[in-house]
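Trainee: dropping the sequence and predicted coords here.
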Amino acid sequence: MVPSPFHHADAGVLRVPDLKADPRDSVAHTAAIIRDLPGLVEGSRGTLVLYSSRKQMQDVFDGLDRDWRKQVFIQGNLSKQETLNKHKARVDSGESSVLFGLASFAEGVDLPGAYCEHVVIAKIPFAVPDDPVEAALAEWIEARGGNPFMEIAVPDASLRLVQACGRLLRTEEDRGTITLLDRRVVTQRYGKAILNALPPFRREIS
């Protein structure tokens with residue numbers, strides 16, 4: 001394995017705030033994001049907020065204060081490249097800019113420096129269990145006494161989270177914050193496995 005050039009503990013911090021809402025209760029979780037997001041990202045020039053569902057992304061956007069929404073570019077209104085270009089132009093002009101995106105913004109998006117000083121992840125990105133191949137694999141694991149959730153879902157979600165965290169540090173000079181709005185990494189027994197898979201950022205868990 002090639003060692004990472006980044007000193008994660010010095011360059012970034014992983015925050016898990018006390019959001020007072022369980023992501024499995026989508027209505028309460030969305031309301032909590034609407035309430036807390038503006039304060040969480042205050043002071044960042046460029047912010048990327050990643051959602052697991054288009055519905056939650058749109059519901060949060062619709063619920064935010066009208067004036068605050070003016071700094072948000074939401075995935076789907078323009079092409080991906082146009083959205084990124086507008087975000088960069090706003091940051092270049094000295095204004096704050098916030099990107100709302102789905103899974104395709106969690107990988108392959110290069111936003112160095114001020115373009116992405118803060119990555120907010122709405123919830124642990126568990127895959128939707130509708131893949132027949134995965135369903136067959138889960139049945140096979142269960143048949144041999146295994147735990148499909150721990151053996152498939154948790155490692156898959158961990159990999160997706162690592163990719164999302166990778167949006168933060170694009171150069172050795174980059175600094176920033178990852179905020180995960182999902183307390184299950186603290187409250188559920190599988191949470192430790194997910195945290196251990198993430199880059200070794202300094203951690204602030206409320």
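Mentor: Now that the structure is in, tell me what you want to look at. Residues are numbered from 1 along each chain as shown.
Trainee: for the protein, what are the low-confidence residue spans?
Mentor: Where the chain drops to pLDDT under 70, the residues are 1-11, 129-130, 168-174.
Trainee: if we go to 50?
Mentor: Regions of the chain meeting the criterion pLDDT under 50 cover residues 1-3, 5-6.
Trainee: that one: strands as residue ranges?
Mentor: Under the criterion DSSP state E, the chain carries strands at the ranges 12-16, 46-50, 72-74, 97-101, 118-121, 176-180, 202-205.
Trainee: and the shortest one, what does it pack onto?
Mentor: Contacting strand 72-74 under the criterion 3 or more CB pairs under 8 Å, 6 or more residues apart in numbering; DSSP states H and E are the following elements: helix 54-63, helix 80-92, strand 97-101. For glycine as for every other residue, the C-beta is placed from the backbone atoms N, C-alpha and C.
Trainee: quick one, the last one and helix 80-92 angle?
Mentor: What that stands for is strand 97-101. Compare the direction of strand 97-101 with that of helix 80-92 by axes from the mean of the first three to the mean of the last three CA atoms, to 10 degrees and you get 160 degrees.
Trainee: what's the answer for the first one, then?
Mentor: For helix 54-63 against helix 80-92, the angle between stretch directions is 40 degrees (the same axes, to 10 degrees).
Trainee: one step back: save the strands of the chain as a markdown table, and put in distance to Q56 too.
Mentor: As requested, those are exported to a markdown table (distance: least, CB to CB, whole Å):
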| stretch | distance to Q56 |
| --- | --- |
| strand 12-16 | 18 |
| strand 46-50 | 11 |
| strand 72-74 | 12 |
| strand 97-101 | 10 |
| strand 118-121 | 12 |
| strand 176-180 | 15 |
| strand 202-205 | 23 |
